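K.L.:
pasted the sequence and its predicted model underneath.
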Amino acid sequence: MPTSSADPHLVVAGLAAGYGGPAIVEGVDLVVHREEVVTIVGPNGAGKSTVLKAVVGVIKPMAGSVALAGKELAGKRTDEICRLSVGYVPQVRDTFPRLSVRENLEMGGYRLRRSEVRARIAEVLELFPRLKGMESRQGGHLSGGERKMLAMARVLMTRPTLMILDEPTAGLAPKVADEVLGKQVAVLTAAGVSVLIVEQRAREAMTISDRAYVMAGGRVVLTDRAETLLARPDIGEIFLGRQVEVMA
């Protein structure tokens, strides 16, 4: 389990966001501390991925604040947010399928000086050694787990301090999904990265998380340490959005 500090790294306050119509999420508050893993769980349609997209600038917040290390992100473009040390691995289209593994990593290092790219690729491959023998293989020819590994490695090229993962196990076989959550996320925290995850495999994600936020109906309805939430007898109902009262 990653060790979190009391130092807030990402602070989301009063966030409202949507897709051009009424807000999908409203009044969302959440915090991710340095080197901490935080998971957002809840039923389908709760607004989990909408929160992530607003944080990384895929959609513009309608209200509220998104601050990383004290710097406001709300209203900035995705590329500007990336330059402020935020990495984002979307649920789909997370790699360049026609490019080789090495070319994918080079694309991830587009902001680095040319002289830095080779050294950084070597560093990233040390974190994901399985990719070492696949550098010439096209991204589209990788397995689902290997592709997700490449997606994380590509984003790590720019040394982000916060990594945001949207449904990292979507479409993966259970054994591969367990590896993504149990091993690959640990690689990120070992590299000093804070991690914010949206994941449908809620129980599994919470076992590798420090804290969790439960969303339902576009709002955060409960938050606590992940191990505390997992110990609740009504945890199944919580995940389904049917029971959100805080137990005495």
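P.N.:
Alright, I've got the coordinates.

K.L.:
show me where this protein has strands.
P.N.:
For the chain, the strands defined by DSSP state E occupy 8-17, 25-33, 37-41, 63-68, 71-72, 86-89, 162-166, 194-198, 211-216, 219-225.

K.L.:
out of those, nearest to Gly139?
P.N.:
When the strands of the chain are compared by Cβ to Cβ, strand 86-89 sits nearest Gly139, at 13.4 Å. C-beta: built from backbone N, CA, C; applies to glycine.

K.L.:
identify the residues contacting the closest one?
P.N.:
With contacts defined as Cβ atoms under 8 Å, 6 or more residues apart in numbering, strand 86-89 is touched by 52, 55-56, 58, 68, 73, 78, 82, 148, 151-152, 155-156, 158, 160-166, 168, 193.

K.L.:
partner strands of it and their direction?
P.N.:
Using DSSP bridges, strand 86-89 pairs in its sheet with strand 162-166 (parallel).

K.L.:
and the angle from the strand it pairs with to strand 25-33?
P.N.:
Calculated by axes from the mean of the first three to the mean of the last three Cα atoms, to 10 degrees, strand 162-166 forms an angle of 130 degrees with strand 25-33.

K.L.:
run the chain-centre distance for strand 162-166.
P.N.:
For strand 162-166, the gap between its own C-alpha mean and the chain's C-alpha mean amounts to 2 Å (Cα atoms, centre = their mean, to the nearest Å).

K.L.:
rewinding a little: would you mind giving the strands of the chain as a markdown table with mean pLDDT added?
P.N.:
A markdown table is the format used below for these (pLDDT from 0 to 100):
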| stretch | mean pLDDT |
| --- | --- |
| strand 8-17 | 96 |
| strand 25-33 | 96 |
| strand 37-41 | 95 |
| strand 63-68 | 96 |
| strand 71-72 | 94 |
| strand 86-89 | 92 |
| strand 162-166 | 94 |
| strand 194-198 | 96 |
| strand 211-216 | 93 |
| strand 219-225 | 93 |
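
K.L.:
with mean neighbour count added, can I get these in CSV?
P.N.:
Formatted as CSV, these follow (neighbours: other Cβ atoms under 10 Å):
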stretch, mean neighbour count
strand 8-17, 20
strand 25-33, 20
strand 37-41, 27
strand 63-68, 18
strand 71-72, 11
strand 86-89, 24
strand 162-166, 25
strand 194-198, 27
strand 211-216, 24
strand 219-225, 17
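
K.L.:
need those strands in TSV with distance to Ala186, can you?
P.N.:
Below are the strands of the chain laid out as TSV (distance: least, Cβ to Cβ, whole Å):
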stretch	distance to Ala186
strand 8-17	18
strand 25-33	16
strand 37-41	9
strand 63-68	22
strand 71-72	27
strand 86-89	15
strand 162-166	12
strand 194-198	10
strand 211-216	17
strand 219-225	18
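
K.L.:
shaky segments in the protein?
P.N.:
1-6, 238-248 (pLDDT under 70).

K.L.:
from memory Gly47 sits against Val220, does it?
P.N.:
No: contact criterion Cβ atoms under 8 Å: Gly47 and Val220 do not qualify, at 9.4 Å.

K.L.:
which neighbours do the two share?
P.N.:
Residues touching both Gly47 and Val220 (Cβ under 8 Å, 6+ apart) are Val28.
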